[in-house]
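Engineer: Next come a sequence and a model predicted from it.
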Amino acid sequence: MKKYNIDENTEELKYKRGRCLFALSIVLGFVGIVLLIVGIFVQNTKYGTPLSVVGAIVSMTLAFFLMYKSYSDMMAYESLKMEREYDKHELYKLKSVCKYEVKSKLLGAGFSEENEYLKKKKFSYLKDSITYYFRMVDTAKVFGSVERYIKEFELMDREGNSCLCLFVYVDHITDENLEDAKELGKSDIVYETVINPFPQDSYVIVVVDRKTNEGYFLDIGKKHKSSLYSHGCKWIKKILDN
C-alpha cells in the first residue's frame, strides 16, 4: 500500500501547467481535424491534400503527446484535492469489536474460516463479484504491521476482486494510531478513485483498542459507491455496527 506525500504548492503549479498543456492539446486536435476536412476539399490540387494530411498528422501527434504529458500533473492534483477532502473527515467509530464478537457475527453472516481469514464471496452488480476477507491481528505499531499483512495477502492465491478488512488490535489507541488509520485509508481511497479506478484489491484498515473494544476506520462516505473500498466499508458497518 502506497502512502502519498504531496507538496501542495508544487502540485498546484503542476496542475496549472497540466491544465494549459491539456487545453493546448485540445486546440491542436481540433486543428488536425480541420486540416483533414480542408484536405478533402483541396484533393484535386497538386499539393493541397498532401500538405493537409501531413499537417493533420503533426497536429494530432502533438495533441496526443501534450495530453499524455498533462495527464500525470492533472492526476496528481486530483489526488491532492481528494487528500484535502478526506483530511476533513472524522474516523468512523465502531463501539464493540472485540475479536470474539467480530468472529461470531461474521460466521453468523455466512462467512467461512480459511487459515487466518474469515471469507465470503458476494455478487455485485457493478463489480461482478467481490470476495471479502476479514482478519484480526495484534500489533504494537499500526503502519509497519499493516504493510506486512497486506504483502501476505497479496501473495495469496486469489481470483477476481478482493477486499481485505484488516482489524488491527493495539493495547491503547494513540493519536499516532488514529493518524495512521486515516493516512492508510486516504491512500487506498485516492489510489482507487483517482489513480486506478479498476483495481482487483482494496484494503480497509480498522484500528481497535483492546481495552475498550472500540474500532476506528476511514469511511469513504456516500461518494464512490462502486469502489471496492466502499463495498468494504458497507459490509463492516452492516455486520458490526449494531
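Structural biologist: Looks like it came in fine. Predicted, not measured: the structure shown is a model, and the values here were computed from it. Numbers count the residues shown, from 1 in each chain.

Engineer: does Lys121 count as helix, strand or coil?
Structural biologist: Here Lys121 is strand, with the state taken from DSSP: H, G, I helix; E, B strand; the rest coil.

Engineer: How about His172?
Structural biologist: coil.

Engineer: my guess is it contacts Val208, does it?
Structural biologist: No - using CB atoms under 8 Å as the test, His172 is too far from Val208 to be in contact (11.0 Å). Using the backbone N, CA and C atoms, a C-beta is placed for each residue, glycine as well.

Engineer: so where do the helices sit in this structure?
Structural biologist: Secondary structure of the chain by DSSP state H: the helices cover 8-41, 48-87, 99-108, 142-154, 175-190, 228-240.

Engineer: Minimum distance to Phe123: which of the ones you listed has it?
Structural biologist: helix 228-240 (11.4 Å; CB to CB).

Engineer: ok so, going back, would you format the helices of the chain as JSON lines with distance to Ser129 included?
Structural biologist: Shown next, in JSON lines, are the helices of the chain (distance: least, CB to CB, whole Å):
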{"stretch": "helix 8-41", "distance to Ser129": "36"}
{"stretch": "helix 48-87", "distance to Ser129": "27"}
{"stretch": "helix 99-108", "distance to Ser129": "18"}
{"stretch": "helix 142-154", "distance to Ser129": "18"}
{"stretch": "helix 175-190", "distance to Ser129": "20"}
{"stretch": "helix 228-240", "distance to Ser129": "11"}
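
Engineer: what residues are up against the residue sitting nearest the centre point of the chain?
Structural biologist: Closest to where the C-alpha atoms of the chain average out (CA atoms, centre = their mean) is Glu192, at 1.7 Å. Listed by CB atoms under 8 Å, 6 or more residues apart in numbering, the contact set of Glu192 reads Pro199, Ser202, His224, Ser227, Leu228, Tyr229.

Engineer: again, 10 Å this time
Structural biologist: Phe198, Pro199, Asp201, Ser202, Tyr203, Ile220, His224, Ser226, Ser227, Leu228, Tyr229, Ser230 (CB atoms under 10 Å, 6 or more residues apart in numbering).
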